[in-house]
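Colleague: Give me the fold of what follows.
(one chain, ligands or ions: 4)
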Amino acid sequence: MEAPLAVLALVTLLSPGLACPSPCSCSTKKNGRLLAECAYRELRDVPRGLSPNVTILTLSANRLGRLGRSSLAEVPELQSLWLGYNHISAVEPGALAALPQLKNLDLSHNRLAEFPWQDLRNLSALQILKLSNNRLSSLPAGALAGLRELRSLWLNDNELTTLARGTFEALPALAQLQLFHNPFNCSCKLFWLKEWAHSTSVVISRAGSTLCAAPARLRGRAVTDMPGSLCVAPSAQLTYLSSPAKAGPKDGLTLSLHCSVAGSPPPEIRWQIRTAGGRVDIHGPTVARDGGAKAGRRRFLAFKNGTMAIPDFGKDDEGTYTCVAVNDVGTRDVSVSVALAGSDVPAEELPRDDPQAGQPGGHSCAKGDELDPSGMGEKLLIVYHVPREVRSAAGAREFRLGVLPLALGLLLLW
Ligand SMILES: *[C@@H]1O[C@H](CO)[C@@H](O)[C@H](O)[C@H]1NC(C)=O
Ligand SMILES: *[C@@H]1O[C@H](CO)[C@@H](O)[C@H](O)[C@H]1NC(C)=O
Ligand SMILES: *[C@@H]1O[C@H](CO)[C@@H](O)[C@H](O)[C@H]1NC(C)=O
Ligand SMILES: *[C@@H]1O[C@H](CO)[C@@H](O)[C@H](O)[C@H]1NC(C)=O
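Modeller: Residues are numbered from 1 along each chain as shown. Ligands and ions are numbered 1, 2, ... in the order given. Here you go, the predicted structure:
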């Protein structure tokens with residue numbers, strides 16, 4: 001018994017590059033690549049003792065049940081890994097990340113309900129990814145980002161019900177995609193896929209068999225044939241409504257911005273406010289329908305109808321106000337940056353080169369003025385009059401805008 005073992009050890013020592021575990025047959029291809037052929041061997045695990053120089057490993061049609069984290073640690077040079085037709089139900093995170101040279105990965109016809117998507121970040125050379133005929137029910141947004149060489153992606157025959165917008169966008173080399181035989185839910189969330197399919201040069205194999213399973217009225221219809229009338233991306237428009245102090249000098253100016261949105265389904269309105277003091281994100285109304293403020297924040301009042309009111313608008317509230325309209329089809333944002341500019345001169349004496357502020361009717365022309373919907377960079381300048389005495393007496397902190405706002409100017413600069 002001892003002699004053959006000794007011989008084996010000797011062979012391994014002398015030419016480790018040719019080490020080949022007994023169930024496999026190894027050969028060097030013409031291009032010098034080392035192939036380890038271990039398919040159809042009823043294997044339950046990745047065999048041990050593979051040469052670190054193996055670049056092609058064939059393990060298809062075995063009985064592998066899982067891939068442990070270090071199961072491929074012996075073969076870091078791997079370029080092609082064929083694991084189709086096994087019983088793999090789990091791939092431990094890190095198992096694939098250790099293969100930075102990997103170009104071809106076939107895990108089709110297995111039992112994967114989950115996949116360590118984060119490992120793909122290390123596989124920047126990947127060209128072919130076959131995950132078809134598994135049990136995958138989701139593909140996280142951004143999971144494929146960074147696969148700049150990926151040419152072919154098979155996700156057919158899984159349990160995907162939806163895909164995040166932009167899933168296939170960061171894949172400049174993608175040429176072929178298979179998505180058929182998944183129970184897609186053709187809600188407006190998936191509408192982007194139809195639009196993308198119609199505009200991309202990627203070949204979507206069997207697009208006619210890429211069908212909706214829900215909702216009931218679209219069952220059996222091709223995803224690429226989803227009706228568009230119900231899914232309309234949001235549009236948004238910001239208007240500025242000024243409401244100068246009504247009563248005494250103690251009441252400050254309330255700045256009101258109104259965001260009117262359209263789309264289907266009706267978009268939800270969110271606000272992002274960036275001031276020198278930081279950023280505030282507001283999702284949904286902060287003021288109940290009856291007008292009473294909900295618990296907490298009172299500085300920014302967001303109404304259900306799309307109006308944002310900032311009572312006692314002061315220097316601290318200067319900044320960028322962004323209205324974000326969101327629905328299942330998409331997102332649209334419009335911004336305005338609001339600044340205050342103090343003036344010692346009454347409105348009537350403001351420089352003539354500012355047509356708005358110079359007019360006595362400056363208030364009304366600001367009311368309902370439409371800000372350019374093109375978005376960022378719009379500038380709203382509120383010019384007000386500060387009597388000299390007030391200015392010198394008041395510290396910057398207690399600075400009140402409500403003191404005689406004589407001119408409200410809307411300057412569309414930029
Ligand atoms: C792997 O291949 C390289 C270059 O082809 C060679 O120098 C090295 O000895 C090989 N390593 C093993 C362990 O066979
Ligand atoms: C994956 O890539 C990251 C960043 O390049 C690296 O730090 C990490 O070690 C890699 N993971 C493995 C398992 O090689
Ligand atoms: C389909 O998606 C919509 C919108 O996300 C959801 O309300 C609905 O419950 C989903 N239907 C099924 C069958 O999953
Ligand atoms: C929205 O609702 C608020 C509070 O009811 C109201 O003050 C405001 O004028 C409304 N905005 C528009 C544009 O109707």
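
Colleague: give me every residue that touches the residue of the stretch 251-400 of the chain found nearest ligand 2.
Modeller: Ranked by Cβ to the nearest ligand atom, the top residue of the stretch 251-400 of the chain for proximity to ligand 2 is R279, at 29.9 Å. Heads up, the C-betas are built off the backbone N, CA and C, glycines and all. Contacts for R279 (Cβ atoms under 8 Å, 6 or more residues apart in numbering) come out as Q272, I273.

Colleague: Name the SS class of it, please.
Modeller: When the structure is reduced to helix, strand and coil (DSSP: H, G, I helix; E, B strand; the rest coil), R279 reads as strand.

Colleague: pLDDT at it, what is it?
Modeller: Reading off the per-residue confidence, R279 sits at a pLDDT of 93.

Colleague: Could you report the distance from it to T320?
Modeller: Applying Cβ to Cβ, to the nearest Å, one obtains 9 Å for the distance of R279 from T320.

Colleague: Q178 contacts F168, correct?
Modeller: No - Q178 is beyond contact range of F168, at 12.0 Å (criterion: Cβ atoms under 8 Å).

Colleague: More neighbours: which of the two?
Modeller: Each of Q178 and F168 had its neighbours counted (other Cβ atoms under 10 Å), and the higher figure belongs to Q178 (23 against 19).

Colleague: beta partners for that one?
Modeller: In this structure, Q178 has the following beta-bridge partners (DSSP bridges): W154, S205.

Colleague: just to revisit the earlier point, what's the overlap in contacts for R279 and T320?
Modeller: When Cβ under 8 Å, 6+ apart defines a contact, the residues bordering R279 and T320 alike are Q272, I273.

Colleague: quick one on the thing from earlier: tell me the bridge partners for the residue of the stretch 251-400 of the chain closest to ligand 2.
Modeller: Under the criterion DSSP bridges, R279 forms beta bridges with R274.

Colleague: what sits against the closest residue to N134 other than its chain neighbours?
Modeller: Nearest-residue entry for N134: L112, 4.1 Å, with adjacent residues in sequence omitted and distances by Cβ to Cβ, 6 or more residues apart in numbering. Contact criterion Cβ under 8 Å, 6+ apart gives I88, S89, A90, V91, L131, N134, R135, L136 as the residues in contact with L112.

Colleague: now swap in S209 and tell me
Modeller: If you count contacts by Cβ under 8 Å, 6+ apart, S209 has them with F180, H181, A222.

Colleague: Ok, H87 next?
Modeller: Contacts of H87 by Cβ under 8 Å, 6+ apart are R63, L64, G65, N110, R111.

Colleague: ok, 6 Å please
Modeller: Neighbour list for H87: R63, G65, R111 [criterion: Cβ atoms under 6 Å, 6 or more residues apart in numbering].

Colleague: quick one: secondary structure of the residue nearest to the first one when sequence neighbours are not counted?
Modeller: Counting by Cβ to Cβ, 6+ apart, the nearest residue to R63 once its immediate chain neighbours are dropped is R44, at 5.1 Å. R44 carries the three-state label coil when classified by three-state DSSP.

Colleague: Mind pulling up the pLDDT for R44?
Modeller: pLDDT, the model's per-residue confidence, is 96 for R44.

Colleague: State the distance from it to R66.
Modeller: When Cβ to Cβ is applied, the distance between R44 and R66 equals 10 Å.

Colleague: Then P21?
Modeller: Distance from P21 to R66, counting by Cβ to Cβ: 19 Å.

Colleague: ok, back up a step: if you count surrounding residues, which of R44 and R66 has more?
Modeller: For R44 against R66, the residue with the higher neighbour count under other Cβ under 10 Å is R66, and the figures read 16 against 12.

Colleague: Specify the beta-bridge partners of that one.
Modeller: With beta bridges defined as DSSP bridges, R66 has these partners: A90.

Colleague: Excluding sequence neighbours, find me the nearest residue to A61.
Modeller: Once chain neighbours are set aside, the closest to A61 by Cβ to Cβ, 6+ apart is Y85, at 4.3 Å.

Colleague: tell me, how many neighbours does that neighbour end up with?
Modeller: Counted by other Cβ under 10 Å, the residues lying close to Y85 total 19.

Colleague: Could I get the pLDDT score of it?
Modeller: pLDDT, Y85: 98.

Colleague: Assign it to helix, strand or coil.
Modeller: With three-state DSSP as the basis, Y85 sits in coil.

Colleague: Might you report the residue contacts of it?
Modeller: Y85 makes contact with S60, A61, H109, according to Cβ under 6 Å, 6+ apart.

Colleague: how about stretch 121-136 as CSV, C-alpha atoms only?
Modeller: The C-alpha coordinates for stretch 121-136 follow below in CSV (Å, rounded to 0.1, in the frame of the first residue of the first chain):
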residue,chain,number,x,y,z
ARG,A,121,-18.5,43.2,-7.6
ASN,A,122,-15.2,41.3,-7.6
LEU,A,123,-15.9,39.6,-10.9
SER,A,124,-15.2,42.5,-13.2
ALA,A,125,-14.0,40.2,-16.0
LEU,A,126,-17.3,38.3,-16.1
GLN,A,127,-18.7,37.9,-19.7
ILE,A,128,-21.3,35.1,-19.4
LEU,A,129,-23.6,34.6,-16.4
LYS,A,130,-26.1,31.8,-16.5
LEU,A,131,-28.5,31.7,-13.5
SER,A,132,-31.4,30.3,-15.5
ASN,A,133,-33.6,27.5,-14.1
ASN,A,134,-33.3,28.3,-10.5
ARG,A,135,-35.7,29.7,-7.9
LEU,A,136,-34.5,33.3,-7.7
